[in-house]
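Undergrad: Can you look at this prediction? I've put the sequence above it.
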Amino acid sequence: MADEWWRGAAIYQVYLRSFADGNDDGIGDLAGLRAKLPYLAELGIDAIWLNPWYPSPMADGGYDVADYRAIDPAFGTLAEAEAYIAEAHALNIRTIIDIVPNHGSIEQDWFVQALRAGPGSPERDRFLFRPGRGDGPPNDWQSIFNGPAWTQVADGEWYLHLFAPEQPDFNWRNPEVVQEFHDILRFWLDRGVDGIRIDSAAVLFKDLDSVEESYTDHDDVHEVYRGWRRIADSYADRFFVGEMWMPDQERFALYLRPDELQTAFNFDFLSRPWEAAELKASVDLTLATHVPIGAPPTWVLSNHDVTRPVTKYGRPDTSFSHQDRKHGMPSDLVLGERRARAAALLAMALPGGLYVYQGEELGLPEVEDLPDDVLQDPIFTRSGGTDRGRDGCRVPLPWSGQEPPFGFGAGTPWLPQPADWKNLTVESQYDDKNSMLTLYRTGLRLRRELLGDGTLTWLDTAPDVLAFRRENLTCVTNFGTASTELPPYREVLLTSIPLEHGQLPSDATAWIR
């Protein structure tokens with residue numbers, strides 16, 4: 001396993017609850033994941049990123065962690081996790097786990113102790129408890145999940161939670177918190193974990209005396225990650241990827257300095273509309289941010305928090321933001337799939353790391369008609385139902401068969417699957433040379449064979465066409481409404497849809513050389 005393997009890796013995101021159910025209780029688990037490792041090896045990925053697998057009351061899909069050194073019983077045991085890591089390594093697949101440093105759970109031992117100990121205690125100082133103002137909270141901050149960011153406890157004090165009330169924020173100015181997470185990192189790195197995804201990486205420090213909300217991107221956070229980097233560097237080939245939704249690229253780049261995080265998610269690319277000029281600007285901005293500091297860029301089209309590409313790219317407005325998920329906006333799924341195929345090959349051809357969210361390789365759409373009574377995302381309830389939340393991209397995967405649960409497991413899945421997913425199962429796509437699954441398998445294989453961490457050279461094209469050259473491949477994407485001529489080539493390696501009379505159709509990508 002080569003040094004700095006993450007620079008050009010293809011990483012597959014597993015949302016464990018929805019990947020594969022090994023014990024037929026309707027919830028995905030480690031047994032299901034272990035059984036599907038050959039599928040992922042054949043797909044051609046280099047690593048798996050797992051969303052939180054820790055014990056949790058699941059107030060926020062596992063991001064309310066009750067114990068950072070154990071596995072939730074619904075998913076399996078610590079011994080099973082260690083066996084999975086070893087089995088994945090045997091298939092040359094590395095493992096990245098999610099660490100949630102901003103907040104814990106109200107069921108975590110530390111928080112239980114804090115409630116029992118009372119105001120002014122060392123136990124409370126591990127969190128952000130404050131007295132109120134009159135009859136109200138300490139300030140008027142609002143939760144990222146809607147509603148107040150403060151909850152009052154029985155003795156009258158209030159605690160801060162940037163997300164749900166079940167997720168109390170840690171006090172990162174307390175040395176005990178710093179040491180606790182150092183120990184957590186070592187616990188998992190000692191068990192063979194190859195990388196750490198850092199949830200909400202930019203919001204650890206808060207200025208509670210500020211009149212306005214002040215919790216994003218405080219300079220103090222960099223000393224935290226310098227400490228984490230020293231720990232990672234004491235092991236071989238371990239890396240971090242930060243989750244930071246930050247539009248300021250100069251500030252973003254500070255997290256990627258040589259003594260901090262090796263990588264961070266490129267949400268600018270994910271958020272841009274399906275337009276040539278917009279996506280070229282995103283690629284240029286990304287490279288200009290990363291190349292001078294020697295950090296590899298990353299490319300991502302979706303994840304467990306955002307609308308799936310097939311649905312997003314079929315909307316009249318193809319941009320994305322967390323503040324506007326565009327629920328209810330109509331989507332042309334035929335057009336969306338066509339563009340999602342083209343976007344997949346475009347992203348795969350770019351220099352750097354690639355992230356693929358489970359089901360992306362199947363062309364799954366967002367499930368937007370889930371009944372209200374099955375929705376579990378706290379965004380839905382805390383918004384009063386005005387934001388349906390993120391459950392629509394978390395519906396369990398379809399593996400086989402003609403009706404739900406489509407081989408996910410024998411039990412009833414924790415979220416219902418649409419009946420028309422019978423045409424999107426792994427089984428139905430596996431031998432279809434024109435399927436999305438075949439496109440991903442072929443694209444990932446060629447990417448591994450032909451592309452490394454090299455440079456990108458833009459070619460002169462029409463305004464609605466993007467074309468660039470890598471080492472052994474030229475990528476051309478047509479965003480226009482009419483077919484276009486390809487640059488001179490010896491061989492067509494792969495196209496998102498077939499060429500028409502030798503020309504690249506609208507909303508299509510070709511790899512040539």
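TA: Sure thing, it's come through.

Undergrad: all helices of this protein, in order?
TA: 30-35, 37-43, 78-90, 109-117, 175-189, 221-233, 249-254, 267-271, 276-290, 309-312, 333-349, 378-382, 426-430, 436-450 (DSSP state H).

Undergrad: what sits against the closest residue to Thr461 other than its chain neighbours?
TA: Spatially, and ignoring its direct neighbours in sequence, Thr461 is nearest to Ala467 (4.8 Å; C-beta to C-beta, 6 or more residues apart in numbering). All C-beta atoms are positioned from the backbone trio N, CA, C, and that covers glycine. Ala467 is in contact with Trp458, Leu459, Thr461, Thr474, Cys475, Val476, Thr477, Pro487, counting by C-beta atoms under 8 Å, 6 or more residues apart in numbering.

Undergrad: out of those residues, who's nearest Leu287?
TA: Among the contacts of Ala467, Trp458 lies closest to Leu287 (C-beta to C-beta), at 10.6 Å.

Undergrad: burial count for the nearest residue to Arg226 once chain neighbours are set aside?
TA: Distance criterion C-beta to C-beta, 6+ apart; nearest residue to Arg226, sequence neighbours excluded, is Asp259 at 5.3 Å. Residues near Asp259, counting by other C-beta atoms under 10 Å, number 11.

Undergrad: Check Ile85 too.
TA: Residues near Ile85, counting by other C-beta under 10 Å: 20.

Undergrad: Isn't it up against Gly192?
TA: Yes: assessed by C-beta atoms under 8 Å, Ile85 is found in contact with Gly192 at 4.6 Å.

Undergrad: list the residues that contact both of those two?
TA: Joint contacts of Ile85 and Gly192 (C-beta under 8 Å, 6+ apart) are Thr95.

Undergrad: returning to that earlier point: is it correct that the residue nearest to Arg226 is in contact with Gly227?
TA: No: using C-beta under 8 Å, Asp259 makes no contact with Gly227, being 10.0 Å away.

Undergrad: What's the local residue count around Trp188?
TA: Quick note: Trp188 (other C-beta under 10 Å) scores 19 neighbours.

Undergrad: An error on my part: the question was meant for Arg469.
TA: Arg469: 18 neighbours (other C-beta under 10 Å).

Undergrad: That one reaches Thr457, doesn't it?
TA: Yes: counting by C-beta under 8 Å, Arg469 touches Thr457, with 4.7 Å between them.

Undergrad: Identify the residues contacting Gly363.
TA: Contacts of Gly363 (C-beta under 8 Å, 6+ apart): Val310, Glu337, Ala340, Arg341, Leu424, Ser435, Met436.

Undergrad: these two touch, right, the first one and Glu337?
TA: By that I understand Val310. Yes: in this structure Val310 lies within contact range of Glu337 using C-beta under 8 Å: 5.0 Å.

Undergrad: Looking at those two, which is more packed in?
TA: When Val310 and Glu337 are compared for neighbours, Val310 comes out ahead with 28 against 23, by other C-beta under 10 Å.

Undergrad: list the contacts for that one?
TA: By C-beta under 8 Å, 6+ apart, the neighbours of Val310 are Leu333, Gly336, Glu337, Ala340, Gly363, Leu364, Pro365, Glu366.

Undergrad: And Val374, by the same measure?
TA: Contacts of Val374 by C-beta under 8 Å, 6+ apart are Asp391, Leu415, Pro416.

Undergrad: give me the number of residues near the first one?
TA: By that I understand Asp391. Asp391, neighbours per other C-beta under 10 Å, totals 22.

Undergrad: And for the last one?
TA: Counted by other C-beta under 10 Å, the residues lying close to Pro416 total 16.

Undergrad: Give the burial count for Trp458, as a bare number.
TA: The burial count for Trp458: 12, using other C-beta under 10 Å.

Undergrad: typo on my end, Phe205
TA: 19.

Undergrad: tell me the contacts of it?
TA: Trp172, Arg173, Tyr215, His218, Asp220, Val221.
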